[in-house]
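Participant: Next come a sequence and a model predicted from it.
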Amino acid sequence: MKNNREFDIIIWGATGFTGRLVAEYMLRQYGKNGEVKWAMGARNAVKLEQVQKELGAEGVPIIIADSQKMDTLERLVQRTKVICTTVGPYAQYGSQLVEACVKHQTDYCDLTGEVQWMRRMIDQHHEAAKANGTRIVHTCGFDSIPSDMGVYFLQKEAKDRTGQYCEQIKLRVKAMKGGMSGGTYASLSNVLKEAQQDKSLYEVLINPYSLNPKGMQKGKDKKDLQKIEYDEDAKSWIAPFIMAGINTKVVRRSHALSGLPYGENFQYDEAMLTGSGFSGRMKGGAMLAGIGLVMAPKPGSFMRKTVDRFLPKPGEGPSKKEREAGFYKMMLLGKFADGTTFTGSVTGDRDPGYGSTSKMLSECAVCLAKDKGQTPDVSGMLTPATAFGDVLLERLEKNAGLTFKIYD
């Protein structure tokens, strides 16, 4: 049934900041009517036609639907093998779309980093999606592909080269350059607002294993780093990484869904490297203060409104020049049971949140549409590593500007 659908992929939210970047990448990489049959979808026909014209994508079909109307979403998802959505905050605009995809066996990928919403979708749809063969893959951008696929890569290489897996991995962000878009900030603000209204959500946000299947929500990992400290393995001061609260949970879900191949005591954490000595400690303190300024103010408070004025609005984001000048470099420090180490890296060639994210999401969508039979035979509410495995590693390095490397 799915093989007879009109399109391979519909990009949902093509008029938004990131959706437009995804459409631009798909046009550049896969053309208008080549091996991948794709279309652009959104709620506003006038805006969508304008994007189509500005991109020079007149040969790409456009589809109109409404995120708040289930009947239009059901018609939307039945026309395609894969829905690739950038429409957030997902807790506000994504739940009915996921429901429609599972109902009609349409594969799905998104950019969400909204842990509380992901937990809700897992609870509501994992068993049904698993039973009918639908693949729902969250976190297909900067959160959390470099982390999830980086750990997958390091462990795969460790096993191939040494015969054993690392029992601990630390991801350390060495350098990163890029800007925040209004959509990302809106999603972050919505998470904080939901948690303020429903205090029980804080447990989902702070529990290291909250995205694991029920009955597998335990292990040796503690809460994500919330202070600056010295890391002896990295020989550097480290500070909290704002994406760690999402990425670490996704990595742990991948491990759990895979049957705990690295062992029940596997540990994983993330942090920012700030350098050694006094300057490194001071830089870490400044980063900690910056994160506190964004995260701490309560929704609706004077401080939150003040912060809002200085951050981008939905539809805004870094310029093309800023995106192309951006990059990220991450180090993966693996440790075996005997204390010996195994080290690798993940790098990206564009700003992480937009230039790189748009390419990663696009390749995940193409992977869903075109690589079935080569990817793992799994379904349900998945992670990038469990859904795609080696096939995505190859696509990311070939097309999306990522590099995965082992340091011998």
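Facilitator: Nice, thanks for sending it over.
Participant: And the lowest mean pLDDT element among the helices and strands of the protein?
Facilitator: When each helix and strand of the chain is scored by mean pLDDT, DSSP states H and E, helix 302-310 comes last, with a mean of 71.
Participant: Follow the chain on from that one and name the next helix or strand.
Facilitator: Following helix 302-310 in sequence order, the next helix or strand is helix 320-325 (DSSP states H and E).
Participant: buried set for that following helix?
Facilitator: For helix 320-325, burial by neighbour count (16 or more other CB atoms under 10 Å) applies to 322-323. The way it works is simple: take the backbone N, C-alpha and C, and place the C-beta from them, glycine included.
Participant: Which other helices and strands does that helix contact?
Facilitator: On a contact count with 3 or more CB pairs under 8 Å, 6 or more residues apart in numbering; DSSP states H and E, helix 320-325 meets no helix or strand.
Participant: for the stretch 201-350 of the chain, what spans make up the helices?
Facilitator: 201-206, 244-257, 277-295, 302-310, 320-325 (DSSP state H, counting those that start in this stretch).
Participant: chain center to the first one: distance?
Facilitator: Right, helix 201-206. 19 Å (CA atoms, centre = their mean, to the nearest Å).
Participant: Return it as PDB; C-alpha atoms alone will do.
Facilitator: Provided in PDB are the C-alpha atoms of helix 201-206 (Å, rounded to 0.1, in the frame of the first residue of the first chain):
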ATOM      1  CA  LEU A 201       6.900  17.000  33.900                       C
ATOM      2  CA  TYR A 202      10.000  18.100  35.800                       C
ATOM      3  CA  GLU A 203      10.600  14.400  36.600                       C
ATOM      4  CA  VAL A 204      10.500  13.600  32.900                       C
ATOM      5  CA  LEU A 205      12.900  16.400  32.100                       C
ATOM      6  CA  ILE A 206      15.500  15.600  34.900                       C
END
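Participant: Quick one: mean pLDDT for that helix?
Facilitator: Mean pLDDT, helix 201-206: 87.
Participant: Please apply the same query to the third one.
Facilitator: Over the span of helix 277-295, the pLDDT mean works out to 88.
Participant: Restrict that helix to CA atoms and write it as PDB.
Facilitator: Taking C-alpha atoms only, helix 277-295 is exported to PDB below (Å, rounded to 0.1, in the frame of the first residue of the first chain):
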ATOM      1  CA  GLY A 277      43.800  26.700  33.900                       C
ATOM      2  CA  PHE A 278      42.200  29.800  35.300                       C
ATOM      3  CA  SER A 279      41.000  31.000  31.900                       C
ATOM      4  CA  GLY A 280      39.200  27.700  31.300                       C
ATOM      5  CA  ARG A 281      37.500  27.900  34.600                       C
ATOM      6  CA  MET A 282      36.300  31.500  34.000                       C
ATOM      7  CA  LYS A 283      35.000  30.700  30.500                       C
ATOM      8  CA  GLY A 284      33.100  27.800  32.100                       C
ATOM      9  CA  GLY A 285      31.600  30.200  34.600                       C
ATOM     10  CA  ALA A 286      30.500  32.600  31.900                       C
ATOM     11  CA  MET A 287      28.800  29.700  30.000                       C
ATOM     12  CA  LEU A 288      27.000  28.600  33.100                       C
ATOM     13  CA  ALA A 289      25.700  32.100  33.700                       C
ATOM     14  CA  GLY A 290      24.500  32.400  30.100                       C
ATOM     15  CA  ILE A 291      22.600  29.100  30.300                       C
ATOM     16  CA  GLY A 292      21.000  30.200  33.500                       C
ATOM     17  CA  LEU A 293      19.900  33.500  32.000                       C
ATOM     18  CA  VAL A 294      18.000  31.600  29.200                       C
ATOM     19  CA  MET A 295      16.700  28.700  31.300                       C
END
